[in-house]
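# Dropping the sequence and predicted coords here.
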Amino acid sequence: MIKDVKLTAEGLSCPDCSKKIEQALAAQKGVEEAKVIFTTGSIKVNFDDEVITLDNIKKIIKDFGYSV
C-alpha cells in the first residue's frame, strides 16, 4: 500500500545535507518520491510499505546523523 508520511529531522540546516538525504531516500526501492526542505527540516516521503518500511526510512535519515 502506498503511504505518504511527513517527518522532521532535528537540526537539519544544510542544503547539501538535505539533498543527500533526499537522494538516498529516492534511490530506495519502494520510495516513489522524497522531498526534503532544509529550512524547516521537514521530510515528505511517498512509499510502498510492502517494499520498504517506515523504520527503514527513518534509519536512512538517522544514518546521516539526524534525529527523526
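That came in fine, so what should we check first?
# ok, which stretches of this protein are strands?
2-8, 31-37, 42-48 (DSSP state E).
# List the strands paired with the second one, with their directions.
Paired neighbours of strand 31-37 in the sheet (DSSP bridges): strand 42-48 (antiparallel).
# ok now the strand it pairs with, how far from the chain's centre?
Offset of strand 42-48 from its chain centre (Cα atoms, centre = their mean, to the nearest Å): 6 Å.
# now swap in stretch 37-56 and tell me
Relative to its chain's centre, stretch 37-56 lies at 4 Å (Cα atoms, centre = their mean).
# what residues does it touch?
If you take Cβ atoms under 8 Å, 6 or more residues apart in numbering as the criterion, stretch 37-56 is touched by 1-15, 17-18, 21, 25, 28-36, 57, 61, 66, 68. C-betas here are computed from N, CA, C, even on glycine.
# how near is the nearest residue to G41 once chain neighbours are set aside to M1?
Using Cβ to Cβ, 6 or more residues apart in numbering and skipping the chain neighbours, the partner closest in space to G41 is L12 (4.1 Å). As for L12, its distance to M1 is 28 Å (criterion: Cβ to Cβ, to the nearest Å).
# and those two? which has more neighbours close in?
L12 (23 against 6; other Cβ atoms under 10 Å).
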